[in-house]
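Engineer: give the three-dimensional model of this entry:
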Amino acid sequence: MKITKIEEHITAIPHIPSIEKSRPGHYLEHPISVIEVYTDEGIIGLGEGGRGQSLESLGQTWIGTDPMTVNLTCQGGAIGMAMFDIVGKALGVPANKLMGSRHWEAVPVGWWSPPLEADEFAAMAEEGARLGYKTHKLKARKRNIVETVRLMTAAAGPDYGIIVDPNFEFGSLSSSLRIAEQLEKYNIEAFEDPFQYLPGWHQYRDFRRNSRIPLAPHLGDPQKVMSAIRAEAADMFNLGGSIENVQGMAAMAEAAGMPVWLQVVGLGLGISGAFGTHVHSVIRNATVPSDSLHFTRETDLVSGQLTPQKGLVNVPTEPGLGVELDREALAKYKVG
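Structural biologist: Predicted structure coming up:
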């Protein structure tokens, strides 16, 4: 089998209204490319990613390659997804069978909010709870986080889990502890990256010694995961990177008795959502809802085949990624 052609479709798809309101036009500034990788055996693989690698360079690198000879777990991005899709279809197995042993038939995903005002966060929490999500991750800001969590809890109920992700914006150990003290009475499932990591992880360890709120560094480097575990600086991890790295990091966390969640794709579409779902299914300790957010746009380009039900996405069982392009939607949102 040989790759004969790679076709790229550049798409611009708005987010759902509750997210689009806070980032108008973001989808136009950051379009998503869908690729179709053709082979001489008639098998077509789907991939999805940004516009960082031109179609010309993809062709120069991959046309003429036999997908059956590719080290799949080391490949990333759109071409990596397409390789899993092709090889899975060729062998008649779902992509997760090429990644390892499947531990989950359905995987948890969380609701998500960009930075908003407190009442807007609350409205999204009410929406998330109504849709059946159990956990809500928010891009938090120090100025309104306490009021935000109070209103979210009032809107969605005390059992509605909240992951607070300020992207280091809480600033320091002392300010993070002050905020944590005010939030401990709520159902805070984790603080993700409240402040910058420093060599040795001493401040993250000190946070854990002085707060009941779990800490979750967002990492893609196996050495950093190991160092955080050794320093007793984490309760769980948000993991990203290649499949090989994610599996290795998750295994370290599992050996230390820690759960993980995955951000293999983030704010993507249905092809990357399918890929992330397959990866999640082979990680035994991936028990925290993932940041696979293919359901946060007007369409996922795969006809809603991965629409969450009560916060769970069924792992596709068809060969390859297990999804097909919605050609009508693709034509509507294609910009290049």
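Engineer: what about the residue lying closest to N285 once chain neighbours are set aside, neighbour count?
Structural biologist: What sits nearest to N285 in space, not counting adjacent residues and going by Cβ to Cβ, 6 or more residues apart in numbering, is E254, at 4.2 Å. Just so you know, the C-beta spots here come from the backbone N, C-alpha and C atoms, and that holds for glycine as well. Counted with other Cβ atoms under 10 Å, residues neighbouring E254 total 15.
Engineer: Provide the secondary structure category for E254.
Structural biologist: helix (DSSP: H, G, I helix; E, B strand; the rest coil).
Engineer: try G64
Structural biologist: coil.
Engineer: same question, E7
Structural biologist: E7 is classified as strand under three-state DSSP.
Engineer: quick one: it from G50, how far?
Structural biologist: 17 Å (Cβ to Cβ, to the nearest Å).
Engineer: on that earlier part again, which residues touch the residue nearest to N285?
Structural biologist: Going by Cβ atoms under 8 Å, 6 or more residues apart in numbering, E254 touches V260, R284, N285.
Engineer: include secondary structure when you put those into a markdown table, please.
Structural biologist: What follows is the contacts of E254, written out as a markdown table (three-state DSSP):
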| residue | secondary structure |
| --- | --- |
| V260 | strand |
| R284 | coil |
| N285 | coil |
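Engineer: quick check: closest non-adjacent residue to E117.
Structural biologist: Going by Cβ to Cβ, 6+ apart, E117 has N144 as its nearest residue, at 6.9 Å.
Engineer: that neighbour and D165, how far apart?
Structural biologist: Where D165 is concerned, N144 sits at a distance of 14 Å (Cβ to Cβ).
Engineer: which one's more surrounded, those two?
Structural biologist: D165 (21 against 16).
Engineer: confidence score at that one?
Structural biologist: The model reports D165 with a pLDDT of 98.
Engineer: I'd say L306 and F275 touch.
Structural biologist: No: counting by Cβ atoms under 8 Å, L306 stays clear of F275, with 10.4 Å between them.
Engineer: so between those two, which is more surrounded?
Structural biologist: The residue with more neighbours, out of L306 and F275, is F275; 32 against 25, by other Cβ under 10 Å.
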